[in-house]
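**Q** generate a structure from the sequence data that follows.
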Amino acid sequence: MHYDICVVGGFGHVGLPLSLVFADRGMKVCAFDINEQSNAIIAKGEMPFFEDGAEPLLKKVLKNKSLTLSLDASSISDSDVIIVTIGTPVDSHSSPELNVLEKAIHKYLSYFRDDQLLVLRSTAYPGTTTKIQKFFDKHDKNVDVSFCPERIVQGHAVKELSELPQIVSSVNKKGLEKAKKLFGLLTDDIVVLEPTEAEYAKLFTNAWRYIKFSAANQFFMLTNEAGIDFAKVYKGLTHNYKRALDLPFSGLAAGPCLFKDTAQLSASNNHEFALGRAAVQVNEGMPFYIVKKLRQNHDVKNKTVGILGMAFKADIDDTRDSLSYKLKDLLEFEAKQVYCSDPYVNNPDFISADELVNKSDIVILATPHKAYKQLQIGKDKELIDVWNFFGNGSLI
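**A** Prediction:
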């Protein structure tokens, strides 16, 4: 087989939607991964995670054979373009593990051949793209290295990959031209940056969103301590006032990218990113704040508490880095009993939302899934809704 594109990490949240969209654009795509369980699910035409509009597209590209699934790393050799969707994670000390991506490249080095384009798609620590290019040069591999960051909102990748501008960068001119042609299949709106500029642009994007969430959460805490409903203040300050429309509402802000990329940006500046550190403190502190207020206002040790929503954000099934679990851990130490529910997350220990409401004295909305909108929560229940999802205010 010969492929136009091989997506490494092709069964994941970044790699699979990208594989589907390129395959739908007429490219012959190989999604390569080592996850045998996901391979079995995808091969049946089923998505291993929720992604709006993805499953019909998956069935289509499998049927017309523009998408191939592979557990064999030799697929890299058979491809003109290699897109790596492995990012730079952070360790338990919130420091980036800088050698993870290089180790992955080294593991598959023998499969790379001259004149290929390697595209780094996930978040990269500043300087990574240039370092990877030097790595190939050192091993006498004539591979052009580009950094073209993904910018989608999880759950809406299929739609946004064609709607959003694509940032492209490369260490050399030849790689840049290849990258522009590749991502020109998705959109005409191409933004060209130098590799390190593109790496910072990606980090800034997620850090900025995380900081905005922290501002909303800090405002929520300030008004809540004053006995004022943040929901009313928010409605007033944003009403027909464009300068405030980018202020999000309060809530549990987490996920696999926002915190991680903010931490990486801080590490890139000797941990002198004070605004980022403050954002982490506020957002990661929200579960502690909720539990603190419950202790102040209720006899929690004799109460049953139910947590609605365990995914890290609404209407998806991804629980990675979800603050709902931090909230659960804290409450299991404080409360008589803790129940959890989520319509998207498959967990045998979870119960239905209706059962959770019936059994709980205190109900906490942790993730505002649309499915909860019709949920009936009686006045005999204490509802904690920092999102103001149910429209009854956010005051704890």
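**Q** and stretch 86-93, how far out from the chain's middle?
**A** Computed by C-alpha atoms, centre = their mean, to the nearest Å, the chain-centroid distance of stretch 86-93 equals 14 Å.
**Q** in it, which residues are buried?
**A** Judged by neighbour count using 16 or more other C-beta atoms under 10 Å, the buried positions of stretch 86-93 are Ile86, Gly87, Thr88, Pro89, Val90. To be clear about C-beta, it is placed using only N, CA and C from the backbone, and glycine gets the same treatment.
**Q** could you do stretch 213-226 as well?
**A** Under the neighbour-count criterion of 16+ other C-beta under 10 Å, stretch 213-226 has Phe213, Ser214, Ala215, Ala216, Asn217, Gln218, Phe219, Phe220, Met221, Thr223, Asn224 buried.
**Q** measure Arg320 to Gly255 for me?
**A** Look at Arg320 and Gly255: by C-beta to C-beta, to the nearest Å, they are 7 Å apart.
**Q** circling back to that earlier point, possible to save the buried residues of stretch 86-93 as TSV with pLDDT and distance to Asp114?
**A** TSV is the format used below for the buried residues of stretch 86-93 (pLDDT from 0 to 100; distance: C-beta to C-beta, whole Å):
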residue	pLDDT	distance to Asp114
Ile86	85	22
Gly87	72	26
Thr88	70	27
Pro89	70	30
Val90	70	34
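**Q** closest to Ser110 among those?
**A** Of all these, Ser110 sits closest to Ile86, with 17.6 Å by C-beta to C-beta.
**Q** quick check: phi and psi on the closest one?
**A** Backbone geometry at Ile86, expressed as degrees, to the nearest 10, gives phi -90, psi 120.
**Q** quick one, longest helix in this structure?
**A** Across the chain, the longest stretch assigned as helix under DSSP state H is helix 195-225.
**Q** and the average pLDDT for that helix is what?
**A** Throughout helix 195-225, pLDDT has a mean value of 97.
**Q** please identify the buried residues of the next helix or strand after it?
**A** Next in sequence after helix 195-225, counting helices and strands by DSSP states H and E, comes helix 230-238. Judged by neighbour count using 16+ other C-beta under 10 Å, the buried positions of helix 230-238 are Phe230, Ala231, Val233, Tyr234.
**Q** so what's the second one up against?
**A** Looking back up the chat, that one is Ala231. Residues in contact with Ala231 (C-beta atoms under 8 Å, 6 or more residues apart in numbering) are Phe249, Asn388, Gly393, Ser394, Leu395.
**Q** hmm, 6 Å instead?
**A** Each residue near Ala231 by C-beta atoms under 6 Å, 6 or more residues apart in numbering is listed here: Asn388, Gly393, Ser394.
**Q** ok so, going back, any chance of the buried residues of stretch 213-226 in a markdown table, with distance to Ile364 too?
**A** A markdown table is the format used below for those (distance: C-beta to C-beta, whole Å):
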| residue | distance to Ile364 |
| --- | --- |
| Phe213 | 18 |
| Ser214 | 20 |
| Ala215 | 22 |
| Ala216 | 18 |
| Asn217 | 15 |
| Gln218 | 20 |
| Phe219 | 20 |
| Phe220 | 14 |
| Met221 | 16 |
| Thr223 | 19 |
| Asn224 | 14 |
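**Q** tell me which of these is nearest to Glu55?
**A** Phe213 (29.8 Å).
**Q** apart from its neighbours in sequence, what residue is nearest that closest one?
**A** Leaving aside its chain neighbours, Phe213 sits nearest to Ala253 (3.6 Å; criterion: C-beta to C-beta, 6 or more residues apart in numbering).
**Q** same question for Asn297.
**A** Nearest one to Asn297, counting by C-beta to C-beta, 6+ apart, is Ile396 at 7.3 Å.
**Q** the one you found contacts Lys293, correct?
**A** Yes: using C-beta atoms under 6 Å, Ile396 is in contact with Lys293, at 4.3 Å.
**Q** the two - which one has more neighbours?
**A** The neighbour count for Ile396 versus Lys293, taken as other C-beta atoms under 10 Å, is higher for Ile396 (22 against 17).
**Q** would you map the strands across the protein?
**A** Per DSSP state E, the chain carries strands over the ranges 3-8, 29-32, 67-70, 79-84, 117-120, 144-147, 166-168, 190-192, 304-308, 337-341, 362-365, 382-384.
**Q** could you dump those strands to TSV with distance to Ala274 and mean neighbour count?
**A** Putting the strands of the chain into TSV (distance: least, C-beta to C-beta, whole Å; neighbours: other C-beta atoms under 10 Å) gives the following:
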stretch	distance to Ala274	mean neighbour count
strand 3-8	36	25
strand 29-32	41	28
strand 67-70	45	22
strand 79-84	32	24
strand 117-120	29	26
strand 144-147	27	28
strand 166-168	27	24
strand 190-192	29	14
strand 304-308	32	25
strand 337-341	35	21
strand 362-365	31	24
strand 382-384	31	19
